[in-house]
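K.L.:
coords please:
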Amino acid sequence: MTRRRASALMTGLIAVAASAPFSPAVALEQVQIGQVYILHTVATGGCSELDWHFVVDPHRSMAGFVVCDWLRHTATLSGTLNADDSFQLSVTEVGGNRKAAVTGRFTSRFVTMSIDGADTFCDRQTFKIVAPRGSGLGGGGG
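P.N.:
Presented below is the predicted three-dimensional model:
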């Protein structure tokens, strides 16, 4: 490839990359594959503060854990991130028999999570967390 053609190709690629955020046809991914997410939900109702740690793999499977009461209670989580950045998680208490379902959605501004079936004060609680940014993602809110 000649230097002129290589230069033209690079210029074209830069122009496409630079215009992508302004194009309405381009959907920017809200969730980074392989990124570790750490989210914090504040105590609400009778539900304690919860710290969520998970990763999304290339197949959009989610896996991790959630802790509450200063590590007195731990649960594993697994689920799926859908193409529209909504998700469903199954949460299972470690060393116990309680289970819960968590549904939610990532947007460019927030992560919304709803807990159901936990047989705890966290049942029917919905959390709206400011969306994490950058690497080592973490967020807080409630």
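
K.L.:
how about the helices in the chain?
P.N.:
Secondary structure of the chain (DSSP state H): helices located at 3-19.

K.L.:
Out of the helices and strands in it, which is least certain?
P.N.:
In the chain, no helix or strand scores lower on mean pLDDT, DSSP states H and E than helix 3-19, which sits at a mean of 34.

K.L.:
Flag the shaky bits of this structure, pLDDT-wise.
P.N.:
Within the chain, the stretches with pLDDT under 70 are 1-30, 70, 132-142.

K.L.:
Strands along this protein, start to end?
P.N.:
36-41, 50-56, 61-68, 73-81, 86-93, 99-106, 110-116, 125-130, 138-139 (DSSP state E).

K.L.:
As TSV, those with mean neighbour count would be great.
P.N.:
C-beta: built from backbone N, CA, C; applies to glycine. Formatted as TSV, the strands of the chain follow (neighbours: other CB atoms under 10 Å):
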stretch	mean neighbour count
strand 36-41	19
strand 50-56	20
strand 61-68	18
strand 73-81	18
strand 86-93	18
strand 99-106	18
strand 110-116	18
strand 125-130	17
strand 138-139	16
